[in-house]
Structures are given as structure tokens and as C-alpha cells.
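Asks: when you get a sec, could you give me coordinates for this:
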Amino acid sequence: MKNLPQKVRSRKLSSKVDLTAMVSVSFLLIIFFMVVGELSKPKEMKYDTGRNRGCCDCPARHDGENRSITVILGENNKLIYYIGGISSPIKKPKSVTYGKNGIRKELTARIESLKSYAPNSNKLKRDLVVIIKPSKKSNYGNLVDILDEMKITGITSYFIVPEFTPEESKLLASN
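Replies: All right, here's what the predicted structure looks like:
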């Protein structure tokens with residue numbers, strides 16, 4: 001009987017499972033869904049056309065023209081600016097250069113005049129709005145230079161608009 005195979009008993013393994021990896025994955029998933037949920041919420045911005053101000057028959061006031069400068073970037077480092085609307089500008093179109101004695105001097109002078117014009121008003125009314133209009137013949141370096149001027153002078157409200165009115169196209173062609 002000694003030659004007969006004996007029954008081998010198997011050892012019982014531990015019944016504990018290591019859940020460390022599953023816990024870390026679940027925390028990562030929770031964080032991921034929290035971030036995605038926050039980012040997917042729709043954001044809205046109020047659009048004010050100004051139609052509800054004053055009486056119905058009055059034409060809309062153009063406060064923005066008083067605090068706006070339009071800068072047109074032309075070919076061969078040409079820079080033309082005017083203040084207000086092109087049809088009736090507050091300051092006629094003028095050609096200036098880039099740098100400290102050019103457009104930066106004009107921008108700081110306009111900021112100071114707006115501060116003296118309305119010293120007690122809130123920041124929104126005093127801010128200068130710069131509309132940058134690069135032409136198709138202007139180069140990328142000129143756009144970077146004018147954006148540097150915005151940073152140096154502290155102007156935070158500026159827009160890059162690649163469209164021109166017919167008057168602006170004539171102005172650019174004549175200079």
C-alpha cells in the first residue's frame with residue numbers, strides 16, 4: 001500500500017484581496033467626473049444692445065466713440081490711428097511710428113485725457129478701447145509690436161478686427 005498514490009491536500013490561500021489599486025482608480029474617476037461636470041456647465045454673457053436706455057425716440061448715445069482708438073496696420077510698418085468713428089472722428093487719422101515716441105505716446109496721452117475727463121466715474125467708463133485692424137499686407141511682427149504696446153500701456157480692452165470699412169480702405173490706400 002505504500003506504492004499507492006497518496007492524496008495531497010491543498011493549502012488554503014488567504015481570502016484577503018488588496019483593494020489599493022481599485023480605491024486609487026475610483027478616486028481618479030471621481031475627480032475626473034467632477035472636473036468634467038464643472039467644465040461642461042454652459043457659460044453665458046449678457047448682451048446689451050443699448051436699446052432700453054432713455055426714451056424710445058432718442059438716438060442711441062455712442063459713449064464708446066469717445067473712449068475708442070482705431071489702429072490700422074498697413075504694409076511697410078505703416079501705422080495709422082484715429083479716435084472715435086471714421087465718419088466723424090474726434091481726432092483725425094494720423095500716421096505714427098511704433099515705439100515710445102510714436103503710438104505709445106498717443107495711447108498714454110489719450111488714457112490721461114480720459115481720466116481727467118471723468119475722474120469720478122467707475123473704471124469701465126474710463127477704460128480705453130483699442131480696435132486693432134491689421135491689413136492683409138501687414139506683417140505678423142507689426143501685430144506683435146502693437147500687442148506689446150497694449151501690454152506696456154496697461155490697456156486691457158483691445159480687439160483685433162480684420163475687416164475694414166470702405167472709408168478705412170481709402171485711408172489706408174491714400175497713406
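
Asks: centre of the chain to stretch 16-27, how far?
Replies: Chain-centre distance of stretch 16-27: 44 Å, with Cα atoms, centre = their mean, to the nearest Å.

Asks: cool, and stretch 129-147?
Replies: 15 Å.

Asks: let's test this: mean pLDDT of it, rounded?
Replies: What stretch 129-147 shows for mean pLDDT is 88.

Asks: so, low pLDDT: which residues of the chain?
Replies: 1-2, 45-65, 117-126 (pLDDT under 70).

Asks: what packs against the strand of greatest length in the chain?
Replies: In the chain, assigned by DSSP state E, the strand with the most residues is strand 89-96. Counting contacts by 3 or more Cβ pairs under 8 Å, 6 or more residues apart in numbering; DSSP states H and E, strand 89-96 packs against strand 79-84, helix 103-117. For the C-beta atoms, the positions are set from N, CA and C on the backbone; glycine is no exception.

Asks: export those to JSON lines and append columns for distance to residue 136 and mean neighbour count.
Replies: Shown next, in JSON lines, are the helices and strands packed on strand 89-96 (distance: least, Cβ to Cβ, whole Å; neighbours: other Cβ atoms under 10 Å):
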{"stretch": "strand 79-84", "distance to residue 136": "15", "mean neighbour count": "20"}
{"stretch": "helix 103-117", "distance to residue 136": "21", "mean neighbour count": "16"}
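
Asks: where along the chain do the strands fall?
Replies: 68-73, 79-84, 89-96, 129-134, 157-160.

Asks: can you show me the CA trace of the longest helix anywhere in the chain as PDB?
Replies: For the chain, the helix with the greatest residue count under DSSP state H is helix 20-39. This file holds the C-alpha atoms of helix 20-39, laid out as PDB (Å, rounded to 0.1, in the frame of the first residue of the first chain):
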ATOM      1  CA  THR A  20      -5.400  49.700  -3.000                       C
ATOM      2  CA  ALA A  21      -5.400  49.900  -6.800                       C
ATOM      3  CA  MET A  22      -9.200  49.900  -7.100                       C
ATOM      4  CA  VAL A  23      -9.500  52.700  -4.500                       C
ATOM      5  CA  SER A  24      -7.000  54.900  -6.300                       C
ATOM      6  CA  VAL A  25      -8.700  54.300  -9.700                       C
ATOM      7  CA  SER A  26     -12.100  55.200  -8.100                       C
ATOM      8  CA  PHE A  27     -10.700  58.400  -6.700                       C
ATOM      9  CA  LEU A  28      -9.300  59.400 -10.000                       C
ATOM     10  CA  LEU A  29     -12.600  58.700 -11.700                       C
ATOM     11  CA  ILE A  30     -14.500  60.800  -9.100                       C
ATOM     12  CA  ILE A  31     -12.100  63.700  -9.600                       C
ATOM     13  CA  PHE A  32     -12.300  63.400 -13.400                       C
ATOM     14  CA  PHE A  33     -16.100  63.500 -13.400                       C
ATOM     15  CA  MET A  34     -16.200  66.400 -11.000                       C
ATOM     16  CA  VAL A  35     -13.900  68.400 -13.300                       C
ATOM     17  CA  VAL A  36     -15.800  67.500 -16.400                       C
ATOM     18  CA  GLY A  37     -19.100  68.300 -14.800                       C
ATOM     19  CA  GLU A  38     -17.800  71.800 -13.800                       C
ATOM     20  CA  LEU A  39     -16.300  72.500 -17.200                       C
END
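
Asks: that's all I had, so thanks and see you.
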